[in-house]
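J.: sequence-free structure coming up:
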């Protein structure tokens, strides 16, 4: 949570942010119990004031996301809040389709939060992700890896396991100040909110979009499979950043022909993982070649940021070429646990 002095600042963040799932205007928090009856009493204690947000014609929707073990469902909590609002305000226009306002409930174990949803959708999803691989990662996770690497304008970033291009595309959106909701701006629900009814949103979006920058091709999407190179190009075109990325089909052992010695600032990738079809020997050989190439193409103060389900073989092969793990993080994407490994030259 953070303070803001302007609803338009929240609207701008909703339009441009690459790292969020939801953006809510905070209404209140409550204690969550195992059972619904006691939880309802906690919600009833809240003094939620909606007079600035709804009138009798406002179509209102209530959504709930819940994490943890409880003896009730998310939809039960939404129904409880709807009943409380109806009793306190007399409001009767509740809908599941095309709402003017969404009140969002987020429950995390024994703590609950209620807020006005500024997007009306899951902001971690991207409209450009049409062509996907089996092991696709969320765009918000890809963006986080990019920021961990220290990548910025005028630096060179390479993803050498690019698959469908999520990491390079997010990097291009970042350096170009390209709003991730550029093509879906008029679907964002903040454009319908009562407190913002006098805002000229055409002018609002225009003032943000004028800051989009055209950058040189210093982002590289490299993969050994031609179909993934094609996927990357198609997705980048949909995202509006095709001209900001250089695409290449290259086997790992030929990377030193693609890049000059110590040319690359950041290598950010989700490497191929060990599966039933890829055994330990094959994976170790691939990782060995990867670090051998990185030793040549990465700048002395450059960083490698890798997402992986296991770190053992990456750390073993990295040591052979004097790469050490500067930091290891545990992250979750849904229920999937990953490790984020930051390698630097010793």
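T.: That came through, no problem. All figures in this text were calculated on a predicted structure; none of them were measured in a lab.

J.: what about the residue nearest to residue 239 when sequence neighbours are not counted, distance to residue 237?
T.: Of all residues not flanking residue 239 in the chain, residue 128 sits nearest, at 3.7 Å (Cβ to Cβ, 6 or more residues apart in numbering). C-beta here means a position set from N, CA and C on the backbone, and glycine is covered the same way. Distance, residue 128 to residue 237, by Cβ to Cβ, to the nearest Å: 8 Å.

J.: Mind listing what's buried along stretch 331-343?
T.: 338, 339, 340, 341, 342, 343 (16 or more other Cβ atoms under 10 Å).

J.: Quick one: the residues you listed as CSV, columns for pLDDT too.
T.: CSV is the format used below for the buried residues of stretch 331-343 (pLDDT from 0 to 100):
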residue, pLDDT
338, 95
339, 96
340, 97
341, 97
342, 97
343, 97
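
J.: Now for those residues: which two are most distant?
T.: Farthest apart among the buried residues of stretch 331-343 by Cβ to Cβ are 338 and 343. That separation is 15.6 Å.

J.: neighbour count winner among residue 128 and residue 237?
T.: The neighbour comparison of residue 128 against residue 237 (other Cβ atoms under 10 Å) goes to residue 128, with 22 against 13.

J.: Per-residue pLDDT of the more buried one, please?
T.: We have a pLDDT of 95 for residue 128.

J.: cool, residue 1 as well?
T.: On the pLDDT scale, residue 1 is placed at 61.

J.: And residue 88, by the same measure?
T.: Residue-level pLDDT assigned to residue 88 equals 89.

J.: ditto for residue 320
T.: Per-residue confidence at residue 320 stands at 96 (pLDDT).

J.: Contacts only, for the most centrally placed residue in the chain.
T.: Residue closest to the average C-alpha location in the chain (Cα atoms, centre = their mean): residue 140, at 1.5 Å. When contacts are counted by Cβ atoms under 8 Å, 6 or more residues apart in numbering, residue 140 touches 18, 19, 20, 21, 124.

J.: How far does stretch 115-131 sit from its chain's centre?
T.: Averaging C-alpha coordinates over stretch 115-131 and over its chain gives two centres that are 9 Å apart (Cα atoms, centre = their mean, to the nearest Å).

J.: which of the residues in that stretch are buried?
T.: Within stretch 115-131, the residues scored as buried using 16+ other Cβ under 10 Å are 115, 116, 117, 118, 119, 120, 123, 124, 126, 128, 129, 131.

J.: Closest one of those to residue 178?
T.: Checking the buried residues of stretch 115-131 against residue 178 with Cβ to Cβ, the nearest one is residue 128 at 11.0 Å.

J.: Confirm the closest one sits in a strand?
T.: No - Residue 128 is assigned coil when assessed by DSSP: H, G, I helix; E, B strand; the rest coil, not a strand.

J.: for it, phi and psi?
T.: phi -80, psi -10 (degrees, to the nearest 10).

J.: What of residue 97?
T.: Main-chain dihedrals, residue 97, degrees, to the nearest 10: phi -120, psi 140.

J.: What is the neighbour count of it?
T.: By other Cβ under 10 Å, 6 other residues sit near residue 97.

J.: Would you enumerate the residues in contact with it?
T.: Residue 97 neighbours (Cβ under 8 Å, 6+ apart): none.

J.: Report pLDDT for the closest residue to residue 110 other than its chain neighbours.
T.: Once flanking residues are discounted, residue 110 sits nearest to residue 32: 4.9 Å by Cβ to Cβ, 6+ apart. With respect to pLDDT, residue 32 scores 96.

J.: Residue 179 too?
T.: pLDDT, residue 179: 96.

J.: try residue 206
T.: Residue 206 is given a pLDDT of 97.

J.: Fine by me, thanks again.
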